[in-house]
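[1] quick one, what's the 3D model for this:
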Amino acid sequence: MSRISEVADRAGVSAMTVSRVLNNSGYVSAATRQRVELAIAELGYVPNALARQLRSKRTKMLALVVSDISNPFFTTIARGVEDAASARGFAVMFCNTDESEAEESRYLRLLVERQVDGVLLVPAQGAAASLRLLRTHDIPAVVLDRRASRRVDNVRCDSEAGAYALGRHLIELGHRRIAVLTGRRGISTSADRVAGVRRALAEAGLALDESLVRYGGFTFGNMNLADGRRMAQEVLAATDDPPTAIFAANNFIAFGAVRALRELGLKVPEDISVVAFDDLPAEWVDEPFLTVAAQPAYDIGRRAADMMIDRLLGERTAAGESVVLPFEVIVRRSTAAPRAGRAQGRGQGRRQGRGADAGARRDGGELPVAAARVP
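    Numbers count the residues shown, from 1 in each chain. Below you'll find the model as predicted:
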C-alpha cells in the first residue's frame, strides 16, 4: 500500500503539499496540483480514512434518514443530498425507516455508533426523541420535508400553502364538496395539507365537511396505494351528498383513490376531480394527467446538505434556521367543473402557480384514467 511520503517523492513536493491537495485546503498552484494528482493516480494511493478521522475528528460522512425510499419524492431528495455532499467532499449513508419510529430509533443509534458528522432526517412522526438523542451526542441535524422546532435546522416545502392553492383551484372550478385524504395525524405535513384545504374553503364562505376527511398511514409504497383506495371508498359512501372532488395528500394516495374510482365506474374528471400534493417523474406514467402541487424535491435535498455542511464548517452559526421552498401548481386533465346541478355556484378567476404568485401550467385534453400505471 502506497504512503503519502511516496506520493510526495513521486511529485517532487512535501507531504504537507500532498495533504493540502487531498483535503483541498491551503494554496497549491495548478501545476503542482496536477503533479500530485498524477502521482496519486500512478501509485494508486488511497488515503487512510480512519487515520484522517482520528486527526480531524470528522468522518466526512453524512446520513440521510427517510421515511419511504420507494416514494420518488424521497428518491429525488436523496439525489439532491448526494450531489451537494459529493461536491464538497462528503459521502452519504442512506437509511429507510418505512415510517416506523422504532426503525428510526434503531438507525439513529447505529449512526451515533458510526460517528457520522451529521444527520438529515425525515422524521417518522414526532422528531423530539430522535433530535434529543442526536443533541446528546453533539451530532447536528437538519429536518427535511416536515416542520421542526425552532432550535433545529429545517428545509421543506410550504405544505399548507400548496394545499390551499389546490383547494382554491377546485373552488374556482365550482367545487364545494371536497374530500381530503391525508396521512397520519401526528405528521406535520398531514395536518398542514388538511389545514390548507380548510382555509381555501373558509375564504369562500364554506366549511370542510369532516365526514369527507380521512387520515391514513403515510406508510410506504403499495400500502399508501391501499390507503388511498380505502379512504376514497369510505368518503364516497359516507354521505348521500358525495364529494365532487378529492384532494390527495401525496401521489400514491392519489393513485389509490383513482383505482377506487375506476372500480366504481366513475370517470376523472367527468364524474369527480382529483388533485394531489407531489408530482411523479415522467417515467412513472405513460402520460401525466394529475393536477398537482409539485415540490422542488431535488432542491430540498441539496439545500439541506449545504446547510448541514456549512454548519459543520462553521460557516453557519445561527440556531434553528428554516428554509421554506416554493411549490408549483401544475393544472392537468384530472380537474374540471363539476357536473351541472352538483355545484352550488361557480368561483371567479384562477389562482395557481409557484407559491402564490407565478403562473401555472395547464396541460389540456381529455383524461384517459387508464393512462396511469397504478402499481
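
[2] and the next helix or strand past the helix or strand containing Ser86?
    Here Ser86, judged by DSSP states H and E, is contained in helix 72-87. Reading on from helix 72-87 to the C-terminus, the next helix or strand found by DSSP H and E is strand 91-96.

[3] that next one pairs with which strands, parallel or anti?
    strand 61-66 (parallel) (DSSP bridges).

[4] can you pull out the helices in the stretch 101-250 of the chain?
    Remark: helices assigned in the stretch 101-250 of the chain by DSSP state H, counting those that start in this stretch are 101-114, 128-136, 159-173, 188-203, 222-237.

[5] pick the most buried one from the ones you listed.
    With neighbours taken as mean count of other C-beta atoms under 10 Å, these reach their highest mean count in helix 159-173, at a mean of 24. Heads up, the C-betas are built off the backbone N, CA and C, glycines and all.

[6] mind listing the strands in the chain by residue range?
    Remark: strands assigned in the chain by DSSP state E are 61-66, 91-96, 118-121, 141-144, 153-157, 178-182, 213-215, 245-248, 273-277, 291-294, 322-325, 328-331, 361-362.

[7] and those as JSON lines, adding distance to Ala207 and mean neighbour count?
    Formatted as JSON lines, the strands of the chain follow (distance: least, C-beta to C-beta, whole Å; neighbours: other C-beta atoms under 10 Å):
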{"stretch": "strand 61-66", "distance to Ala207": "36", "mean neighbour count": "25"}
{"stretch": "strand 91-96", "distance to Ala207": "39", "mean neighbour count": "17"}
{"stretch": "strand 118-121", "distance to Ala207": "36", "mean neighbour count": "27"}
{"stretch": "strand 141-144", "distance to Ala207": "32", "mean neighbour count": "26"}
{"stretch": "strand 153-157", "distance to Ala207": "26", "mean neighbour count": "25"}
{"stretch": "strand 178-182", "distance to Ala207": "11", "mean neighbour count": "28"}
{"stretch": "strand 213-215", "distance to Ala207": "11", "mean neighbour count": "20"}
{"stretch": "strand 245-248", "distance to Ala207": "15", "mean neighbour count": "31"}
{"stretch": "strand 273-277", "distance to Ala207": "19", "mean neighbour count": "27"}
{"stretch": "strand 291-294", "distance to Ala207": "22", "mean neighbour count": "26"}
{"stretch": "strand 322-325", "distance to Ala207": "28", "mean neighbour count": "15"}
{"stretch": "strand 328-331", "distance to Ala207": "23", "mean neighbour count": "22"}
{"stretch": "strand 361-362", "distance to Ala207": "29", "mean neighbour count": "14"}
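
[8] need those strands in CSV (columns: distance to Pro338).
    Shown next, in CSV, are the strands of the chain (distance: least, C-beta to C-beta, whole Å):
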stretch, distance to Pro338
strand 61-66, 37
strand 91-96, 40
strand 118-121, 41
strand 141-144, 37
strand 153-157, 28
strand 178-182, 10
strand 213-215, 19
strand 245-248, 7
strand 273-277, 7
strand 291-294, 14
strand 322-325, 32
strand 328-331, 16
strand 361-362, 18
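
[9] out of the ones you listed, which gets the lowest mean score?
    Per-stretch mean pLDDT for the strands of the chain is lowest at strand 361-362 (a mean of 42).

[10] distance of Thr317 relative to Arg303?
    The gap separating Thr317 from Arg303 is 17 Å, by C-beta to C-beta, to the nearest Å.

[11] more crowded one of the two?
    Ranked by neighbour count (other C-beta atoms under 10 Å), Thr317 and Arg303 place Arg303 first, with 20 against 8.

[12] looking at it, the more buried one is touching Val324, isn't it?
    No: contact criterion C-beta atoms under 8 Å: Arg303 and Val324 do not qualify, at 10.5 Å.

[13] that'll do, ta.
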